[in-house]
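In: Everything below, folded, please.
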Amino acid sequence: MSEQSSLTRRTFLAAGSVAAAGVAFSAKSYARVIGANDRIRMGFIGVGGMGSGHVDACLKLKEKDNLEFLGAADCWQTRAEAAATKLGAKAYTDYRKLLDTDVDYVTIATPEHRHAQMTLDALDAGKAVYVEKPMTHTIPQAQAVMKKVRETKLPLQVGVQAMSDDSYVTAGAAIKNGVIGKVVQAQIEYVRRYDKQGPWRDPDVTDSRPKPADLDWNAWLGHAPKIDWNPHHYFEWRNYSTYSGGICTDLFIHRITRIMKACNLLYPRRVVGMGGIWQWPDGRDLPDNFEMICEYPRGMTVYVLGTMSNRVGIDHLIRGYRGTLYFTGSGWVAKNKDGEVLDKHEKTGGEDIHLHHTNLHNHLRDNSVPLNCPIELGMAGVVAVNMANESWRSSTMMGWDAKNEKMVPAHTLKMSHTPEEETAAD
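Out: Model prediction:
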C-alpha cells in the first residue's frame with residue numbers, strides 16, 4: 001500500500017463517500033457503464049456455507065434489484081452445479097472462466113487464504129467485487145488488493161454486513177460533535193459456547209472421510225503448501241492458520257470494524273492478543289479462547305473478548321470523558337455518569353447481507369452512493385486482527401511501523417504516549 005492509498009484519521013469516516021464520489025470509472029475498468037435501470041450481472045465464487053447464503057440472498061433480491069445471474073464457481077463440482085441450478089446459471093469449477101464472462105461483479109465467499117488471489121484476478125478482469133471478511137488472509141495481501149483497487153478504480157465491498165447498520169456512522173457523527181467528550185476506550189465482544197466437539201468442528205468429519213471425486217483439491221489449496229487430501233483441513237479450515245485467522249479474523253473482524261467506524265480509527269499503534277488452545281486441543285493451531293487490546297493513535301484503546309466456551313457477553317460501548325455511548329439492539333444511547341441521556345439513535349438497516357448487496361448495487365448504478373464497507377475499512381480491519389494473532393503466536397506486543405507500513409515488535413519502535421494524528425498524503 002503506497003502513501004497515496006492511505007487515509008488520515010480525520011477523513012476516515014467519510015472514506016466511503018470520498019472513494020465513491022471521487023472516482024470516474026474508466027472503460028478499462030468496466031466492460032460497460034451500468035445505468036440506473038440496467039440489469040446487473042452477477043457471478044458467485046465459492047458456494048459452500050457462506051456462499052450459499054449469498055446465492056439465496058441475491059435470489060430474493062433478483063426482481064427488486066434487477067439482477068441477472070451468469071454463473072456459480074466452486075472447486076467442488078457438485079456444489080457449483082447445485083448453486084447454478086438454483087440460479088438458472090452456468091456452473092464452473094475454474095473461477096477464472098467465470099471472470100471471462102460479462103459479469104459486472106462477483107461475490108467471493110471462499111476460505112480466507114483464497115480471497116486475495118481471487119480478488120486480484122477479478123479486478124484484473126474488470127469486475128467489481130464483494131469479498132467476504134476478512135478482506136484478505138494477510139497484511140501484504142491486503143496491501144496488494146488496495147493497490148489494485150486504486151489502479152483499476154473498481155468498487156470493492158467487504159462483507160462486514162453490520163456496516164449496513166447506520167448505528168456506527170451516526171455514533172461517529174455524535175462522537176465527532178462531542179456528545180460523550182474525549183473518547184478514551186471501547187469494548188465489544190463475540191462470544192459463543194460450543195458443544196464437546198469445539199469451535200468449527202463437524203462430528204461427521206472423520207480422518208477416513210474420502211475426498212469427493214469431483215473436488216479439485218489442488219485448486220482449493222491454491223498457494224497454500226501442497227499436502228495430501230485432509231478432510232479436516234477442507235471442512236474445518238477455520239481451525240488452521242494456513243487458511244484462516246480463527247476467532248480473530250472470522251469473528252473479531254465483525255466487531256472491531258464497528259468500533260473503527262464509530263471512532264474514526266485506521267491502523268492501531270500497538271496490539272496485544274492473548275488466549276490459547278485451552279479446551280479443545282484437537283490438532284487445531286489457532287486459539288479456542290481469545291481476546292485482544294488495540295491502542296490507537298487518537299489516544300484510546302479497544303478491547304475485544306472472544307471466548308468460545310461461554311456465551312455471556314459484555315456491553316458494547318464507547319467510553320468518553322463526558323459520557324458513555326451504549327450500542328443496543330435498536331441503535332445506541334449516550335448517557336452521562338448520572339444516567340442522564342445525552343443523545344440517542346434508532347437505527348435503520350442492520351447486519352443484513354441483503355442490505356449489504358443492495359448497497360453495492362446502488363453504488364454500481366450511481367457512484368455517488370458510498371459503499372458501506374469500502375477497501376479502507378477492510379484494510380484497517382485486516383491490520384488489527386493480524387497484529388493480534390501475531391502477538392499471540394510470538395508472545396510479543398506488536399506495533400505498526402507507519403513509515404514502512406508493516407507490523408513489527410512494538411519495542412523496536414519509538415512511540416509517543418500522547419495522542420497523535422495519523423498523517424498521510426491525500
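In: only C-alpha atoms for contact and neighbour calcs from this point on.
Out: Fine.
In: now the one residue sitting closest to the centre of the chain, nearest residue through space, not along the chain?
Out: For the chain, the residue nearest the mean C-alpha position is Lys133 (2.9 Å; C-alpha atoms, centre = their mean). Once flanking residues are discounted, Lys133 sits nearest to Gly159: 5.1 Å by C-alpha to C-alpha, 6 or more residues apart in numbering.
In: Can you tell me how far that neighbour is from Met50?
Out: 11 Å (C-alpha to C-alpha, to the nearest Å).
In: who's more crowded, these two?
Out: Gly159 (25 against 15; other C-alpha atoms under 10 Å).
In: And the helices in the stretch 301-426 of the chain, which stretches?
Out: Remark: helices assigned in the stretch 301-426 of the chain by DSSP state H, counting those that start in this stretch are 353-365, 375-394.
In: what is the mean pLDDT for the first one?
Out: The pLDDT scores in helix 353-365 average 97.
In: if you compare the helices of the stretch 301-426 of the chain, which one is most tucked away?
Out: A comparison of the helices of the stretch 301-426 of the chain by mean neighbour count, using mean count of other C-alpha atoms under 10 Å, puts helix 375-394 on top with a mean of 24.
In: packing partners for that one?
Out: In terms of contacts (3 or more C-alpha pairs under 8 Å, 6 or more residues apart in numbering; DSSP states H and E), helix 375-394 is packed against helix 139-152, strand 156-159, helix 253-263, strand 270-276, strand 289-296, strand 398-401.
In: Helix 375-394 and the third one, what's the angle between them?
Out: Put simply, helix 253-263 runs at 120 degrees to helix 375-394, going by axes from the mean of the first three to the mean of the last three C-alpha atoms, to 10 degrees.
In: Likewise for the first one?
Out: Angle between the axes of helix 139-152 and helix 375-394 is 170 degrees (criterion: the same axes, to 10 degrees).
In: Off-centre distance for helix 139-152?
Out: Mean C-alpha position of helix 139-152 versus that of the full chain (C-alpha atoms, centre = their mean, to the nearest Å) differs by 15 Å.
In: Just the buried residues of that helix, please?
Out: Neighbour-count burial for helix 139-152 flags 139-150, 152 (criterion: 16 or more other C-alpha atoms under 10 Å).
In: ok, those residues vs Val183, which is closest?
Out: Checking the buried residues of helix 139-152 against Val183 with C-alpha to C-alpha, the nearest one is Ile139 at 27.4 Å.
In: Now do the contacts for the closest one.
Out: Met379, Val382, Val383, Asn386, Lys406 (C-alpha atoms under 8 Å, 6 or more residues apart in numbering).
In: on that earlier part again, and the helices of the stretch 301-426 of the chain: which comes nearest Phe252?
Out: Closest of the helices of the stretch 301-426 of the chain to Phe252 is helix 375-394, at 7.3 Å (criterion: C-alpha to C-alpha).
In: Tell me the gap between that closest one and the middle of its chain.
Out: Using C-alpha atoms, centre = their mean, the offset of helix 375-394 from its chain centre is 11 Å.
In: Give the rounded mean pLDDT of it.
Out: Helix 375-394 shows a mean pLDDT of 98.
In: ok, and the closest residue to Lys62 other than its chain neighbours, which helix or strand is that part of?
Out: Excluding the flanking residues, the one nearest Lys62 by C-alpha to C-alpha, 6+ apart is Glu68, at 7.1 Å. Glu68 is part of strand 67-73, with elements assigned from DSSP states H and E.
In: Check which residues of that strand are buried.
Out: Leu67, Glu68, Phe69, Leu70, Gly71, Ala72, Ala73.
In: What is the subsequent helix or strand relative to it?
Out: Moving toward the C-terminus from strand 67-73, the next element (DSSP H and E) is helix 77-87.
In: Kindly format the C-alpha coordinates of that following helix as PDB.
Out: Coordinates of each C-alpha in helix 77-87 appear next as PDB, following Å, rounded to 0.1, in the frame of the first residue of the first chain:
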ATOM      1  CA  GLN A  77     -18.300 -29.500  -9.000                       C
ATOM      2  CA  THR A  78     -21.300 -30.800  -7.100                       C
ATOM      3  CA  ARG A  79     -21.600 -27.600  -5.200                       C
ATOM      4  CA  ALA A  80     -21.100 -25.500  -8.300                       C
ATOM      5  CA  GLU A  81     -23.800 -27.300 -10.100                       C
ATOM      6  CA  ALA A  82     -26.300 -27.200  -7.200                       C
ATOM      7  CA  ALA A  83     -25.800 -23.400  -7.000                       C
ATOM      8  CA  ALA A  84     -26.000 -22.900 -10.700                       C
ATOM      9  CA  THR A  85     -29.300 -24.900 -10.800                       C
ATOM     10  CA  LYS A  86     -30.800 -22.600  -8.200                       C
ATOM     11  CA  LEU A  87     -29.700 -19.500 -10.100                       C
END
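In: any residues touching it, and which ones?
Out: 46-48, 52, 55, 59, 69, 71-74, 90-93, 214-215.
In: Looking at the helices of the stretch 301-426 of the chain, which is nearest to Leu221?
Out: Per C-alpha to C-alpha, nearest to Leu221 of the helices of the stretch 301-426 of the chain: helix 375-394, 20.7 Å.
In: quick one, the closest one and strand 289-296 angle?
Out: Going by the same axes, to 10 degrees, helix 375-394 makes 120 degrees with strand 289-296.
In: Can you say which of the helices and strands packed on helix 375-394 is nearest to Gln197?
Out: It is, among the helices and strands packed on helix 375-394 and with distance given as C-alpha to C-alpha, strand 289-296, at 14.4 Å.
In: From the contact counts, what lies against the closest one?
Out: strand 270-276, strand 300-307, helix 375-394.
In: could I get the ones you listed as JSON lines with distance to Lys196?
Out: Formatted as JSON lines, these follow (distance: least, C-alpha to C-alpha, whole Å):
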{"stretch": "strand 270-276", "distance to Lys196": "17"}
{"stretch": "strand 300-307", "distance to Lys196": "15"}
{"stretch": "helix 375-394", "distance to Lys196": "24"}
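In: do you know which of the ones you listed lies nearest Trp237?
Out: Using C-alpha to C-alpha, the nearest of those to Trp237 is helix 375-394, at 16.3 Å.
In: relative to strand 270-276, how tilted is that closest one?
Out: 50 degrees.
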